[in-house]
Structure formats: structure tokens, C-alpha cells
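In: 3D, please:
(chains A, B, C and D)
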Protein chains: 2
Amino acid sequence: MPGSSSNDAIGVLDRMTSILEAFDADDRGLGISELAVRAGIPKSTVSRLVATLVRQSYLERDGSRIHLGLRLFELGQLAELPRELRAAALPVMAELRHSTGENVHVAIRDRREVVCIAVMRGRSAERPFVRTGGRLPIHATALGKAVLAHASPRDVDDVVAAGLERWTDRTIVDPAVLRRQLEDVSRGGLAAEVGEFAAGLSCAAIAVLSPSGELVGAVSVSGDSGAFDTHRFEPAIRAAALALSRRLRPSP
Amino acid sequence: MPGSSSNDAIGVLDRMTSILEAFDADDRGLGISELAVRAGIPKSTVSRLVATLVRQSYLERDGSRIHLGLRLFELGQLAELPRELRAAALPVMAELRHSTGENVHVAIRDRREVVCIAVMRGRSAERPFVRTGGRLPIHATALGKAVLAHASPRDVDDVVAAGLERWTDRTIVDPAVLRRQLEDVSRGGLAAEVGEFAAGLSCAAIAVLSPSGELVGAVSVSGDSGAFDTHRFEPAIRAAALALSRRLRPSP
DNA sequence: GCCCCCGTCCCACTGAGTGGAATCATCACC
DNA sequence: GGTGATGATTCCACTCAGTGGGACGGGGGC
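Out: Here you go, the predicted model:
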């Protein structure tokens, strides 16, 4: 919602990332001019950079419409963390979906956000609120709070220092409240979220640890706040997190 | 196999792509030095560029091991072409796998290669020879020949001009033979491959066209050359290609 | 026809990027 | 603990890649 384009974008690389990240989820391709506006870079420069990226298949163009290219898909599939976790998670998620009937997600932390690396739609559930590859704020989602509770105090400080952006009127924006919840979670509690990210949406999550005890990500179940008791599914989610943990390669 | 590192890599962007593409399928992370060797770029430069890419989450580092980062996964999921085709293809592929029992693939063309955007392992089949996101040579695979047969003559010329690299002793390296096969396919024939890419591996493919008749990709079935009759599954593959075509959004 | 918007190209300027060498860190083996 | 190998980071003077305002061409719509 803020969309504040804080564009330092000094180096060419930062420029490139600005361009790549200008693409939305549902775009049907962008023109050079719009791209230039979104990325906050002069048109002529964008034109030149895009030409290079197209040459490398990082972008594609169909006439004057520009799209994200195949090489990004390819590299994305190569990334180890999501790949391994996904492979391990899919069967576990299927089981969790079966036992709860709700939408199921697995996400990984990336700085002050989490990235959803797998989503499964529950049998009788609404379409999931996030797509595979989607980013979510770490402080306003159950997935985020589950992983943040296992992070270092310094990490929590960073998140707080960056400001707790408000998404709904129930979003936790008070650092003290957030810290209290995180402490509770880190003592073995369930990470829950009721309308804090999107109105009417509830979610419950548990962190996933590697066999050696390191934080890997989190698994969650979400549903409509009306009929969703955050604690009802706790045993199932906990079991899923544990099962997933056991399926992970033991040696990272 | 050839791994010839033809590294012009003048601009920073090209440098970056060299770095990103230095990552293999099964790597457990690369160090700066190895990365520098693979990318053909001085160490100090790689160090600097990697720092920037890490800052942007395009790469990750765990001590001195460097991995592909989450942002690549994220952007890869955003790329429209694979995303839409995948969504449309998965049910069709499931059906094709069910009716054939073999491994099933869907791929998109990218210049002189095809990129596999979905793979399903057949019930009784060996593990697939290519992963999602994997690249295959266009002239040495059924998938490649299926799409190439629908491309412009100029495109075929380009492929031929670039040289038909030999993968096995059955790979087609004679342009005349390739052209003859492509003509046959474009007249409605089945694109087939018997051990041309990997010894003992057979594959049969059909192009997938959009509702408006444009080439989108190809769908294929593959199996062990011993027990695999390239033509036995032709009706099933053809039906899948048609079904997939009908599921595609009509307005690209 | 005219105007408006969009993408590309041009070109003189300059500071971002470069990379060899020095430095620091870690590890292994004697 | 010394010594040498390996690997990552930092420094810094040089210079060429990248820049971007503006001109150009073209296409689409009123």
C-alpha cells in the first residue's frame, strides 16, 4: 500500500533490481515508459538496460510489452532452499490440508518478510490469500511471527526499528505487544494472527526447524476469521511441522 | 557437457548473469574463488558484485558458501508465460501420465533451447531426465523439434548456423536430416527422439498452440528406449496438446 | 492531416566500476 | 607455535562503461 519508491539505485545492479521488481503479480507486460516511472529511472537508461536483460532472457518482449523472462524462472527453480523445502513439504502439506480442509502454506524468512514457497488450497476453502513466491510482512502474519520468534533478539530489533507497518486496524504496531507475543511463541506457543494482515483472515503457524535445530521456515493453516478457531488445528500443524523437520536433509 | 566459457561479459549486467549462471543444479553453494573461476571474472570484482546481489536477496550467503537467493525464486514465480502454462498444463499432464504411465513434460522455447516448466513422473517410470526449470538442446530432443517445426525458417537457420552439438552418437548433427524431420513434423507428424539426447532415452512430443494458433510450447512423454514405442502414445499426446491448447487464455 | 505518446538513438561528460596488489582470516600440517 | 596454502576482503588510482537530456522516427487516435 505505501509504494514509497525509495530509489537510491546508484549502481547498475541496483537499477536492474528496480526494473525487475517493478513487475506486479498480474501485469500483462509493461512498456518502457511505465517501467521507467515505476523504477524511477530515466527512459533512455531503462531502454538500454532492458535491451541487455532481454538479450540474456531475463526479460522478454513481445512488441513493446515487456515481461519477466524464462531465465528467472529457471534460476528460481535452482535456488536450493526453496527447492529442497518444497520437495519435502508437499506431501506433508497434502496431509495437513486433508486433516484440516483449510488452505496450507509454507514460507521462508527473507529479512523483514517471509516468502511463500508452497501453497495448497483447502477442499472447501476460499482461494489462498497469497501465491507461491508471494511476500508477506513478517510482523503482521502468523507465518512471520512463527519464524521471528526463533530469530535472534538483534533480528527482532531490526524488524521493530524498521517500523511496524499497519495493514489493518488489528495489525500489531506496538513493539512491546509484538515482543510479548514473540516471547510467548518462543516458549512453545502457537503463532496466531486474526485479521492482522487482511480483514477477515485468520492464520495459525508453527516454525519448521532443521534436524540440527536451525530455523528453516514455517508452516501454516489459514481460513476465514468467522469460522476459524486459531487453536483448533494446533495439533495438526505441530505434527506437520515436526514431520517436515524430519524429512529435511540432516546435514546443512 | 561442453561448458565452453565464452565470456565476453563486458557490462556489469553481463557480469552478473555470468555469476548467476555459474550455479549448477546440485551445488551446495560456491565460494567466491570458485565463482570467479566459473564466471571468468577477477575475484575482487566478484566479491563486490556478490555483495550487492546478496544485499538484494538475489544471492544468499551462509558463511562463505554462496547460494541462489529467494528473490530469484520469487521473480521466477512471477514470470507470466511459465506461470500460466503451468497452471493450465498440470491437470492435462496428470491425465496424460495416467493414460501412459510414463514421464510427462511441458516445455517452452527459449532461443536455441527449451526450458522445462513442468515435469511429472510416471507411475512405473524412472526418475525424469530433466527437472523443472531445466534446459534442453532444441535440436536433440523431441520437445525441441516439436517447437522448432512451428518456428520460422529463419529461426531454423539460426539454430543450424549455431552448430548442432553432438550429445550422443545418435544426435542429429546433419542440418539436412534435421530439416527433413522438421518438415515432416510441421506437416502433422510426431516429433520423436530415440537416444539423441541421452543414450537409452526415447521421447515423443507435440507442439502446443494458443487458441489463436501461435506456438506456445510442447508436451511430451518419455521413457526407456527398450520398451518405448515412440508412436504408441501418439493419440494420447495429441489429445493432451489439444486439451492444453483449449485451456489457454484466448487473448494473448 | 495533426498531435501526442512511446521507444530508440546520439554523444559529450563523468563517476561508477575495475582489478592488481596488499591485507586479513582460517585452516592444515609439520 | 610456526609456516605455508587457500580464500575473502579492502584499497586506490585509472579509465571506460554507463549516463541521460534531447533529438529522431513511427504509429495510433481524434
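
In: now for the helix or strand that residue A:202 is a member of, which elements pack on it?
Out: Assessed by DSSP states H and E, residue A:202 sits inside strand A:201-209. Identification of packing neighbours for strand A:201-209 by 3 or more Cβ pairs under 8 Å, 6 or more residues apart in numbering or on different chains; DSSP states H and E yields helix A:142-148, strand A:191-194, strand A:215-224, helix A:234-247. Backbone N, C-alpha and C define where each C-beta goes, glycine included.

In: What pairs with that strand, parallel or antiparallel?
Out: Here strand A:201-209 is paired, per DSSP bridges, with strand A:191-194 (antiparallel), strand A:215-224 (antiparallel).

In: Which positions within the last one qualify as buried?
Out: Translated: strand A:215-224. Neighbour counts over strand A:215-224 (16 or more other Cβ atoms under 10 Å in any protein chain shown) mark A:215, A:216, A:217, A:218, A:219, A:220, A:221, A:222, A:223 as buried.

In: circling back to that earlier point, residue B:184: which of the strands paired with strand A:201-209 is closest?
Out: strand A:215-224 (49.5 Å; Cβ to Cβ).

In: Just send the helices and strands packed on strand A:201-209 back as a markdown table, with distance to residue B:79 and mean pLDDT too.
Out: Listed next are those as a markdown table, based on distance: least, Cβ to Cβ, whole Å; pLDDT from 0 to 100:
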| stretch | distance to residue B:79 | mean pLDDT |
| --- | --- | --- |
| helix A:142-148 | 24 | 98 |
| strand A:191-194 | 30 | 96 |
| strand A:215-224 | 23 | 96 |
| helix A:234-247 | 27 | 96 |
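
In: so of the ones you listed, which one's packed in deepest?
Out: helix A:142-148 (a mean of 29; mean count of other Cβ atoms under 10 Å in any protein chain shown).

In: Return the residues in contact with the one residue sitting closest to the centre of chain A.
Out: Residue closest to the average C-alpha location in chain A (Cα atoms, centre = their mean): residue A:115, at 2.2 Å. Residues near residue A:115 by Cβ atoms under 8 Å, 6 or more residues apart in numbering or on different chains: A:82, A:107, A:108, A:109, A:133, A:134, A:135, A:136, B:70, B:73, B:74.

In: Please repeat the previous calculation with a cut-off of 10 Å.
Out: Contacts for residue A:115 (Cβ atoms under 10 Å, 6 or more residues apart in numbering or on different chains) come out as A:81-82, A:107-109, A:130, A:132-136, A:143, A:217, B:57, B:69-71, B:73-74, B:77.

In: Pull the number of nearby residues for residue A:169.
Out: Residues near residue A:169, counting by other Cβ atoms under 10 Å in any protein chain shown, number 9.

In: Kindly report the same for residue A:231.
Out: There are 9 residues near residue A:231, going by other Cβ under 10 Å.

In: Next, the closest residue to DNA strand D within the stretch 1-150 of chain A: secondary structure please.
Out: As assessed by Cβ to the nearest atom of the strand, DNA strand D sits closest to residue A:44 within the stretch 1-150 of chain A, at 3.4 Å. Here residue A:44 is helix, with the state taken from DSSP: H, G, I helix; E, B strand; the rest coil.

In: so what's it up against?
Out: Counted by Cβ under 10 Å, 6+ apart, residue A:44 has contacts A:32, A:36.

In: Relative to chain B, how far out is it?
Out: For residue A:44, the distance to chain B (Cβ to the nearest Cβ, to the nearest Å) stands at 16 Å.

In: Check residue A:120 too.
Out: Distance, residue A:120 to chain B, using Cβ to the nearest Cβ: 13 Å.

In: Also residue A:49?
Out: 7 Å.

In: Which positions in whatever helix or strand that residue lives in come out as buried?
Out: Assigned by DSSP H and E, residue A:49 falls within helix A:43-55. Across helix A:43-55, burial judged by 16+ other Cβ under 10 Å covers A:46, A:49, A:50, A:52, A:53.

In: Outside of the next helix or strand after that helix itself, list whatever touches it.
Out: Counting by DSSP H and E, the next helix or strand C-terminal to helix A:43-55 is strand A:59-62. By Cβ under 10 Å, 6+ apart, the surrounding residues in contact with strand A:59-62 are A:16, A:19-20, A:23, A:28-32, A:35, A:49-54, A:66-72, B:79-81, B:110, B:252.

In: So, low pLDDT: which residues of the stretch 151-252 of chain A?
Out: Applying pLDDT under 70 to the stretch 151-252 of chain A flags the ranges A:250-252.

In: does residue A:114 sit in a helix or strand, and which one?
Out: Going by DSSP H and E, residue A:114 is in strand A:113-120.

In: From the contacts of strand A:59-62, which land in helices?
Out: Secondary structure defined by DSSP state H assigns A:16, A:19-20, A:32, A:35, A:49-54, A:70-72, B:80-81 of the contacts of strand A:59-62 to helices.

In: These also near DNA strand D: which ones?
Out: residue A:49 (Cβ under 7 Å from any atom of the strand).

In: of the ones in helices among the contacts of strand A:59-62, closest to DNA strand C?
Out: residue A:32 (3.6 Å).

In: what about the residue lying closest to residue A:149 once chain neighbours are set aside, distance to chain B?
Out: Once flanking residues are discounted, residue A:149 sits nearest to residue A:185: 3.7 Å by Cβ to Cβ, 6 or more residues apart in numbering or on different chains. For residue A:185, the distance to chain B equals 22 Å [Cβ to the nearest Cβ].

In: Hmm, residue A:185 is touching residue A:150, no?
Out: Yes - counting by Cβ atoms under 10 Å, residue A:185 touches residue A:150, with 8.3 Å between them.
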